[in-house]
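Undergrad: Sequence and computational prediction follow.
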Amino acid sequence: MAEITAALVKELRERTGAGMMDCKKALAENDGDIEASIDWLRTKGLAAAAKKAGRVAAEGLVGVVTDGTRGAMVEVNSETDFVAKNEQFQGFVRDVTQVALAGDIADIDALGAAAYPAGGSVAEALTQNIATIGENQSLRRVAILSVGSGVVTGYVHNAAAPGLGKIGVLVALESSAGADVLEPLGKQLAMHVAAANPLALNGDELDAELIARERAIAEEKAAQSGKPADIVSRMVDGTIAKFRKENALLSQPFVIDGKTPVAEVVAAAGKDVGADITLKGFVRFQLGEGIEKEESDFAAEVAAAAGR
């Protein structure tokens, strides 16, 4: 059986908001597995669903650049936020994002092998950066979005510099309408994506494994109600339908007014200008999501070193 450490309990509490004893019991029941413990707590009604599991702890920058019908986004990680404020590092992220856009590069390995504007490859420039700045850095991911006609709009939240920040979003709108109409709409939609963090464009595109996990939790919770099987089945179906609606961009309430579904906002904009507007896709990068930086308890380390 895995050792249930104070650090594990602390992490589970931070991720679920559940009580300390409940977290200890959950970890004990699930052999120290954090994800299984979260599900266990949720089936007991002791933890709310977290849209994004895990603390966002990695540093660095997300770069965003657009050019008419095309856009690119790149995440480059560093060890500390201090480096993210470094002009050399910012220039590197900005250049690499431009390289991705110019070469239509959506693969991180291909981006590393691509030619860097100042000479050599992107990977070689990164190595030089590490040597000069004195801190490890890494290319993490890249995304490209494009449409045949219309615009791809970018947005950066918490911008550290133009086109660079901690949350980046690209939104693709396909339409024959002019950029004067599509750009403002795209900007608002991108801001919505940054704030609401949808998991897919529509409910049918949500990850099948995620839906299966949510269904298993819903089934166990509904079974605890003691209601007949047919009612339990309807309860589960209702829970999953609600989950799909809340996590799909097109069905989410628009953050600007808090009530109109995004799909209706887009349709209304098209009607106003007499042209069809289709929200073709979006990409959202939040700096470090899914990466956990090791945290140390300095007092505990000193005590351990002293043999206490």
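TA: Received, thanks. Numbering: from 1, shown residues only.
Undergrad: contacts and neighbour counts: CA atoms only from here.
TA: Noted.
Undergrad: The protein - how does it break down into domains?
TA: Domain assignment for the chain, taken from automatic domain parsing, gives 1-54, 59-200+261-286.
Undergrad: and A218, which of those domains is closest to it?
TA: domain 1-54 (7.4 Å; C-alpha to C-alpha).
Undergrad: what's the spacing between that closest one and its chain's center?
TA: On the basis of C-alpha atoms, centre = their mean, to the nearest Å, domain 1-54 is displaced by 22 Å from the centre of the chain it belongs to.
Undergrad: cool, and stretch 118-128?
TA: 27 Å.
Undergrad: again, but for stretch 247-264
TA: Relative to the centre of its chain, stretch 247-264 is centred 18 Å away, using C-alpha atoms, centre = their mean.
Undergrad: shift numbering so it begins at 522
TA: Right, with 522 as the first residue, what we last looked at is stretch 768-785.
Undergrad: Contacts for that stretch, please.
TA: Identification of contacts with stretch 768-785 by C-alpha atoms under 8 Å, 6 or more residues apart in numbering yields 709, 713-714, 716-724, 727, 766-767, 786.
Undergrad: Quick one, which of these are buried?
TA: Among the contacts of stretch 768-785, the ones that count as buried by 16 or more other C-alpha atoms under 10 Å are 709, 713-714, 717-724, 727, 766-767, 786.
Undergrad: Doesn't N650 lie inside a strand?
TA: No - using DSSP: H, G, I helix; E, B strand; the rest coil, the assignment for N650 is helix, not a strand.
Undergrad: pLDDT at it, what is it?
TA: Looking at N650, its pLDDT is 87.
Undergrad: if I read this right, it contacts F610, doesn't it?
TA: Yes - in terms of C-alpha atoms under 8 Å, N650 counts as a neighbour of F610; the distance is 7.3 Å.
Undergrad: Show me which of these two is the more surrounded one.
TA: F610 (21 against 17; other C-alpha atoms under 10 Å).
Undergrad: Could you report the pLDDT at that one?
TA: Listed pLDDT for F610 reads 94.
Undergrad: try R829
TA: Reading off the model, R829 has pLDDT 47.
Undergrad: same check, this time on R576
TA: R576 is assigned 37 on the pLDDT scale.
Undergrad: same thing with E524?
TA: As predicted, E524 sits at a pLDDT of 83.
Undergrad: Count the residues that sit near the nearest residue to it once chain neighbours are set aside.
TA: Take E524 and drop its neighbours on the chain: the residue closest to it by C-alpha to C-alpha, 6 or more residues apart in numbering is G553, 6.9 Å away. When counting by other C-alpha under 10 Å, one arrives at 20 neighbours for G553.
Undergrad: How about the secondary structure of G553?
TA: Here G553 is recorded as coil under three-state DSSP.
Undergrad: Next, the buried residues of stretch 683-696.
TA: Judged by neighbour count using 16+ other C-alpha under 10 Å, the buried positions of stretch 683-696 are 684-696.
Undergrad: Show me what the mean pLDDT comes to for it.
TA: 97.
Undergrad: same deal with stretch 791-806?
TA: Here the average pLDDT along stretch 791-806 is 96.
Undergrad: Output it as CSV - backbone C-alpha positions only.
TA: Presented in CSV, the C-alpha positions along stretch 791-806 are these (Å, rounded to 0.1, in the frame of the first residue of the first chain):
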residue,chain,number,x,y,z
GLY,A,791,-24.4,36.9,-39.0
LYS,A,792,-28.0,38.0,-39.3
ASP,A,793,-27.1,41.6,-38.5
VAL,A,794,-24.7,41.8,-41.4
GLY,A,795,-26.6,39.5,-43.8
ALA,A,796,-23.9,36.8,-44.0
ASP,A,797,-23.4,33.4,-42.5
ILE,A,798,-20.8,33.3,-39.7
THR,A,799,-19.5,29.9,-38.6
LEU,A,800,-17.4,29.4,-35.5
LYS,A,801,-15.1,26.7,-36.9
GLY,A,802,-12.8,26.1,-33.9
PHE,A,803,-10.8,27.4,-31.0
VAL,A,804,-7.6,26.6,-29.2
ARG,A,805,-6.8,27.6,-25.6
PHE,A,806,-3.4,27.3,-23.9
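Undergrad: Please consider this matter closed, and thank you.
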